[in-house]
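Undergrad: structure for the following, please:
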Amino acid sequence: MEHSLGSLRDRRLDAVRAWTAFVTEGDDAVRVRPEVLSSWRRSAQGAALDATGAPLADEHDTAAFWQDSPLQSAVSTVEQELRRSAEDGDLVLAVTDTKTRILWTYGGRVMRRKAESVNFVPGGRWDDASVGTNALDLAGRLDAPATVFSAEHYSPMVHNWVCWAAPVHDPVTGERLGVIDLSTTWDRAHPIGLATARLMARMIESALPDTRQHPRHGIAGSDQGLALTLLGAAEARLDGQRLLLNRRQTEILALLGLHPDGLSLERLHALLYGDAAVSASTLKAEVSHLRSTLGGAISSRPYRLMLPVTIDVDEVLERIRQGQVLAAVAAYGGDLMPGTDSPALSELAEVVAVAVREALLADPDPDAVLGYSEIAPYDAEVLETCLRRIGGDTHRAVPLLRGRLAAAKR
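TA: Model (predicted):
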């Protein structure tokens, strides 16, 4: 045990030294795991080093979201086992939503007090923009189990903690619903911690109700409703079946899908045609055709889609907002409706393209950059930024990145 505690002390000292060099000296080449360093960089943009507790979301909104949700149902089913684990290991457990807002906690006697002192409680916002690097945020951001030990946390208020977290997914849809986190003091760190977090996540997943039947949080299956692909090759699918539409009809669906509250005839005309001399009757005819194609699911005054809609643009922008660069690139099929003359869609196309590129320049994940280079093969700056960030020749992606860069400069 002494040897184990000594090893933990050495590990903690290394973490403190790296953190100090990063925070006080601006050393961007400190020896910490890449995901921790990326999070430190994000945290340095907003998370206050002198924070004494996480910001709290509205108590009533948090309680309303948790009440009768699939996660609440599952946690209630396995709660006795979760509580027993917390008490036996003097842990504090937390379940969050997809925004890293804590929905439920339970703690052993000592850790419960420590948790309350830093707002590690329902409503606490533990995204790294709010409190800096932590396992809850990393597990959600990476969609994979994560550990953050001692001063790997960006905020000193939790430098005495070790946290293990694992994402919780809906077994039916595969969607991430949140994470479960286990936390204790750094000197009680144990290799089994991460495996325990994974086990608890699987336990919760096995107890989840079938969300296809859930009245409030159900998620339409991939073949239900209207699915709009606007990035790359544009298409529209209704209940899984591709719709045979001309370009202008697809643009109208895109604009209605991007404005779920609806658009007046005049506003839709302006977004679609700009100053072009196209009559309102032409637009009405296009909408009438679409209404027939969708089985009447377009209302009038205003024009509004009356069925579930998913749009690939929303997925890309949401992933970027969450800092999930690799996932954003995976969902990015290319430019939004290339060649469109709709002023609104042209503007959105530029927003998405710039957002993806700037996200890669800020966080040039090698796999994400490789994926992006297949879509934008001549963007040498992104490739160069990634190679500089990697440094050296040891990363598996370096040869391919160099090859893509040489091709981009030809």
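Undergrad: show me which positions of the lengthiest helix in the chain end up buried.
TA: Looking across the chain with DSSP state H, the single longest helix is helix 2-25. Buried residues in helix 2-25, counting neighbours by 16 or more other C-beta atoms under 10 Å, are found at 8, 11-12, 14-15, 18-19, 21-23. For glycine as for every other residue, the C-beta is placed from the backbone atoms N, C-alpha and C.
Undergrad: columns pLDDT and distance to residue 330 on top of these, output as CSV?
TA: Shown next, in CSV, are the buried residues of helix 2-25 (pLDDT from 0 to 100; distance: C-beta to C-beta, whole Å):
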residue, pLDDT, distance to residue 330
8, 89, 37
11, 93, 34
12, 94, 36
14, 94, 34
15, 94, 31
18, 95, 31
19, 95, 31
21, 94, 34
22, 94, 29
23, 92, 33
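Undergrad: relative to residue 309, which of those is nearest.
TA: residue 22 (43.4 Å; C-beta to C-beta).
Undergrad: doesn't residue 29 make contact with the closest one?
TA: No - taking contacts as C-beta atoms under 8 Å, residue 22 lies outside contact range of residue 29: 9.3 Å.
Undergrad: can you give me the strands for the stretch 1-150 of the chain?
TA: 92-96, 102-107, 146-149 (DSSP state E, counting those that start in this stretch).
Undergrad: quick one: low-confidence residue ranges for the stretch 301-410 of the chain.
TA: Along the stretch 301-410 of the chain, segments meeting pLDDT under 70 span 393.
Undergrad: now do the strands in it.
TA: So, for the stretch 301-410 of the chain - with DSSP E, counting those that start in this stretch - the strands run 304-305, 309-311.
Undergrad: give me the most central residue, this structure.
TA: Central residue check for the chain by C-alpha atoms, centre = their mean: the C-alpha nearest the mean position is that of residue 322, 4.0 Å away.
Undergrad: nearest spatial neighbour of it, chain-adjacent residues omitted?
TA: Leaving aside its sequence neighbours, residue 322 sits nearest to residue 141 (C-beta to C-beta, 6 or more residues apart in numbering; 6.3 Å).
Undergrad: who's in contact with the one you found?
TA: 39, 128, 322-324 (C-beta atoms under 8 Å, 6 or more residues apart in numbering).
Undergrad: just residue 14 next, same as before
TA: The contact partners of residue 14, taken as C-beta under 8 Å, 6+ apart, are residue 31.
Undergrad: and what of residue 48?
TA: residue 155.
Undergrad: quick check: the gap between it and residue 191.
TA: 32 Å (C-beta to C-beta, to the nearest Å).
Undergrad: next: residue 92.
TA: 19 Å.
Undergrad: the more surrounded of these two?
TA: Taking neighbours as other C-beta atoms under 10 Å, residue 92 and residue 191 compare with residue 92 leading, 25 against 7.
Undergrad: name the helix or strand for residue 255, please.
TA: helix 247-258 (DSSP states H and E).
Undergrad: pLDDT averaged over that helix, what's the number?
TA: Helix 247-258 comes out with an average pLDDT of 92.
Undergrad: other SSEs contacting the next helix or strand after that helix?
TA: Sequence order places helix 265-273 as the next helix or strand after helix 247-258, per DSSP H and E. Other helices and strands packing on helix 265-273, by 3 or more C-beta pairs under 8 Å, 6 or more residues apart in numbering; DSSP states H and E, are helix 247-258, helix 280-293, helix 343-362.
Undergrad: with respect to residue 236, which of those lies nearest?
TA: Comparing the helices and strands packed on helix 265-273 under C-beta to C-beta, the one sitting nearest is helix 247-258, at 5.5 Å.
Undergrad: for that closest one, which outside residues touch it?
TA: By C-beta under 8 Å, 6+ apart, helix 247-258 touches 226, 228, 230, 234-236, 245, 262-263, 268, 271-272, 283, 286-287, 289-290, 298, 303-305, 309, 311, 313, 337, 340, 342, 344-345, 348.
Undergrad: give the buried subset of those as a ChimeraX selection command.
TA: To isolate the buried ones among the contacts of helix 247-258 in ChimeraX, judged by 16+ other C-beta under 10 Å, type:
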select :226,228,230,234,236,245,262,263,268,271,272,283,286,287,290,298,303,305,309,311,313,337,340,342,344,345,348
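Undergrad: looking at the contacts of residue 141, which is nearest residue 354?
TA: Nearest to residue 354 among these: residue 323, at 16.6 Å, using C-beta to C-beta.
Undergrad: with adjacent residues omitted, what lies nearest to that closest one?
TA: residue 141 (5.5 Å).
Undergrad: quick one: the one you found from residue 128, how far?
TA: Counting by C-beta to C-beta, the gap from residue 141 to residue 128 is 8 Å.
Undergrad: which neighbours do these two share?
TA: With C-beta under 8 Å, 6+ apart, residue 141 and residue 128 have common neighbours 39, 323.
Undergrad: could the strands of the stretch 1-150 of the chain go into JSON lines alongside distance to residue 124?
TA: Below are the strands of the stretch 1-150 of the chain laid out as JSON lines (distance: least, C-beta to C-beta, whole Å):
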{"stretch": "strand 92-96", "distance to residue 124": "8"}
{"stretch": "strand 102-107", "distance to residue 124": "5"}
{"stretch": "strand 146-149", "distance to residue 124": "16"}
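Undergrad: what's the closest of these to residue 53?
TA: Of these, nearest to residue 53 by C-beta to C-beta is strand 102-107, at 12.2 Å.
Undergrad: thinking again about what came up before, please tabulate the contacts of residue 141 in CSV and include distance to residue 359 as additional columns.
TA: CSV is the format used below for those (distance: C-beta to C-beta, whole Å):
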residue, distance to residue 359
39, 15
128, 15
322, 10
323, 8
324, 9
